[in-house]
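Asks: below are the sequence and a predicted model for it; my questions follow.
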Amino acid sequence: MTPDRQKYLETLLFEWLVLDFQPLYLLKSPSFRRFINALNENFELPNDKKFRKRIFDAYEFSQKQLKQYIYENSSSVSLTCDLWTSRSKQGFLGVTCHLITPDFEMKEITLAIRYMPYPHTGDAIQKELEKIISEWELQDKVFFCTTDNSASMKKCLNQISWLQRLSCTAHTIQLVVGKGLLAAEVLIARAKRLINFFTSPKQNERLLDAQKKNSEDPEEEGDLHTIFYRAITDVETRWSSTFIAWERLIILKPYIDIVISSLNVSKDRNAKDDAKRLMKINLNDDEWNTIRDLLEILGPFAELTEKLEGTKYATMSYIYPGIARLKKRFRPTIEFNNNNLDLETNDDAFEDHQFKEVDEDDEPEARRKIKINTPVNTSGLLNNIKVNLYKALEKYYEIIEKEALVATLLDPRKKKMKFADENEKEFAKNSLYEVYELAKNDTNIQQESHKPKPKKRKLSKGYVYKESLFSDDEYDDTQTEDNEIERYLVMAQIQSDQDPLKWWDVNKVQYPILAHMARKYLSIQATSGASERVFSDAGLIMSAKRTRMKEDLFEALIFLKRNGNLVGGMFNNDT
């Protein structure tokens, strides 16, 4: 085998190991080595020492390439950052970078997933974040950093005077919904108890069996494409997981009823005991109907959360329209009541420790926990929840960041602001003008590069001169430059299913200053979801068999997995 062929096959092997989360111990596995030898006995399988060297070489090469890419393709970038704890209880800081290229393509680059020794204080995070920004030479480019609402993240960003912070909108919506549903915390607990009942292997099997036997088309029972549903448990820190769990629960309700009926007629004692338990914890009709109604109420929150967590499109311009529409949705119909909703504490409807089954004859101290054995009185509950949701929206979104307003106007799908009143529109427009003036004065926007070069004039004898006798009749570009905002706002709003970035790419010559601003403001991430997705990959790499992996190798593997194909490959073909 030639050296080039050997190197090529090694590269393919390394890419497979990195991109598909394959464990490094495969390189030492005798059975894997026999398999590779059977495929090509002339290929020399590299050892893990060589693999590690290639990984660090690729990490260094890719980082250099990406640093140059950011320098050439951005005048401004925005970041997200978040903390994650691995299986081995080690802390890591994840940082992602977001930019819009001159061709108006949204790009996401994972800058780091850096080991953070305990304690994870605001000062410690600040030091590491500034170090990462410095390593990437982004001090003059970073515009915004989106983080969660933890005290340490707030302190970190407050201490970096030159970097602005945006609170993760998904986390704030979590607070809003958590407060809004406090009135339904007993119903939430009762639904969760029912869901948990069907997550045990035995009850799950019964639920699947009920679906198979009662399929609408019995002929398709054995079809591989037939879908049968399992109960889904929720995650305390994500209200949307509760929403999804409830959606599934509603789908499963008729099959839960079938399971109850079949257990009741069974002669098996254990089955009868399960039937008794299931009937005790099952929801009554009013509770089932209330959950259906809650899904309708919370649907817009779920839709907005999903929109805001994207990374391949502009999300910043969804914040203001989304929150404004949510407020409007509840404002006209609600009747304010005198419930004392506490918006200052951290209590919300999703805290597991609040829920405990309590019998009526338990000791008084046990009754401090809420009782979930008695069905919920649903009278007035939905109205109560709507009131709480509106109050929470008003509290947490009393002021919308100016940057969110500007981003909304710079989105050609939303610039007419049909969801806002005249005062809000005027304030947003003034904010746009304010930023526009700063952009004109403080940025090096090379407008000339967008303008067509003036044609040279020729006399009949071939003499070339620069200025036409009738040049004052030609297009006056200085006037349109001053009126970019007015010209842009008066144009028709594009359809909601069109891509605003593609629109800007087509129209950037007409609006050079606004196009520059669009690249800056539309790159801000509405949520810290990008960093959280890095941790999803991190969890796969830091598997149960890899908990002893060194931090530098772990970071290199994550970096290459996330960024490997952004600049044409992770390996330098010259080495």
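Replies: Thanks, I have it.
Asks: where does the stretch 301-450 of the chain dip in pLDDT?
Replies: 332-368, 442-450 (pLDDT under 70).
Asks: so where do the helices sit in it?
Replies: In the stretch 301-450 of the chain, the segments counted as helices under DSSP state H, counting those that start in this stretch are 319-330, 381-396, 402-409, 422-442.
Asks: nearest spatial neighbour of residue 115, skipping sequence neighbours?
Replies: Of all residues not flanking residue 115 in the chain, residue 551 sits nearest, at 3.9 Å (Cβ to Cβ, 6 or more residues apart in numbering). Heads up, the C-betas are built off the backbone N, CA and C, glycines and all.
Asks: with residue 120 instead?
Replies: Nearest residue to residue 120 in three dimensions, chain neighbours excluded: residue 91, at 5.4 Å (Cβ to Cβ, 6+ apart).
Asks: which SS class is residue 82?
Replies: Three-state assignment for residue 82 (DSSP: H, G, I helix; E, B strand; the rest coil): strand.
Asks: for it, which residues are in contact?
Replies: 93, 94, 147, 148, 153, 528, 531, 532, 535 (Cβ atoms under 8 Å, 6 or more residues apart in numbering).
Asks: rerun at 6 Å
Replies: Residue 82 is in contact with 94, 528, 531, 532, counting by Cβ atoms under 6 Å, 6 or more residues apart in numbering.
Asks: what bridges to it?
Replies: Beta bridges link residue 82 to residue 94 when assigned by DSSP bridges.
Asks: that one and residue 50, how far apart?
Replies: 34 Å (Cβ to Cβ, to the nearest Å).
Asks: repeat for residue 325
Replies: Note on residue 325: its distance to residue 50, by Cβ to Cβ, is 57 Å.
Asks: do the same with residue 532
Replies: 34 Å.
Asks: neighbour-wise, which of these two wins?
Replies: residue 532 (19 against 14; other Cβ atoms under 10 Å).
Asks: so for residue 59, which of the helices of the stretch 301-450 of the chain sits nearest?
Replies: Of all these, it is helix 402-409 that lies closest to residue 59, at 33.4 Å by Cβ to Cβ.
Asks: residues of stretch 318-331 that come out buried?
Replies: For stretch 318-331, burial by neighbour count (16 or more other Cβ atoms under 10 Å) applies to 318, 319, 320, 321, 322, 323, 324, 326, 329, 330.
Asks: touching, the fourth one and residue 417? I think so.
Replies: No: the pair formed by residue 321 and residue 417 falls short of the contact definition of Cβ atoms under 6 Å, at 7.7 Å.
Asks: tally of neighbours for residue 437?
Replies: Quick note: residue 437 (other Cβ under 10 Å) scores 11 neighbours.
Asks: quick one, what contacts the residue lying closest to residue 151 once chain neighbours are set aside?
Replies: Distances taken as Cβ to Cβ, 6+ apart put residue 122 closest to residue 151, at 7.2 Å, once the chain neighbours are dropped. Taking Cβ under 6 Å, 6+ apart as the criterion, residue 122 is in contact with 152, 155, 156.
Asks: so how far is residue 161 from the first one?
Replies: In this structure, residue 152 and residue 161 are 18 Å apart, going by Cβ to Cβ.
Asks: give me the more crowded residue out of those two.
Replies: residue 152 (18 against 7).
Asks: and that one, its phi and psi?
Replies: phi -70, psi -40 (degrees, to the nearest 10).
Asks: apart from its chain neighbours, what residue comes closest to it?
Replies: Distances taken as Cβ to Cβ, 6+ apart put residue 122 closest to residue 152, at 4.5 Å, once the chain neighbours are dropped.
Asks: quick one, phi/psi of that neighbour?
Replies: Dihedral angles (degrees, to the nearest 10) for residue 122: phi -60, psi -40.
Asks: contacting residues for the closest residue to residue 85 other than its chain neighbours?
Replies: Excluding the flanking residues, the one nearest residue 85 by Cβ to Cβ, 6+ apart is residue 91, at 5.6 Å. Contact analysis of residue 91 by Cβ under 6 Å, 6+ apart lists 85, 116, 120.
Asks: so which of the residues you listed would you say is closest to residue 287?
Replies: residue 85 (36.2 Å).
Asks: tell me how many other residues surround the closest one.
Replies: Neighbour number of residue 85 under other Cβ under 10 Å is 13.
Asks: residue 112 too?
Replies: With other Cβ under 10 Å as criterion, residue 112 counts 24.
Asks: dig out what it forms beta bridges with.
Replies: residue 95.
Asks: and the strands in the stretch 1-150 of the chain, which stretches?
Replies: Shown for the stretch 1-150 of the chain, the strands assigned by DSSP state E, counting those that start in this stretch span residues 77-85, 91-100, 106-116, 142-147.
Asks: which one of those strands lies closest to residue 402?
Replies: Nearest of these (Cβ to Cβ): strand 142-147, 11.6 Å.
Asks: parallel or antiparallel, which strands does the closest one pair with?
Replies: strand 77-85 (parallel), strand 164-167 (parallel).
Asks: quick one: contacts of whichever helix or strand comes after the last one?
Replies: Taking DSSP states H and E as the definition, the helix or strand that follows strand 164-167 towards the C-terminus is helix 169-180. Counting by Cβ under 6 Å, 6+ apart, the neighbours of helix 169-180 from elsewhere in the structure are 148-149, 239, 301, 305, 308-309, 319, 348-350, 385, 388-389, 392-393, 396, 526-527.
Asks: list only buried entries from those.
Replies: Looking at these with 16+ other Cβ under 10 Å, the buried ones turn out to be 148, 239, 301, 305, 308-309, 319, 348-350, 385, 388-389, 392-393, 396, 526-527.
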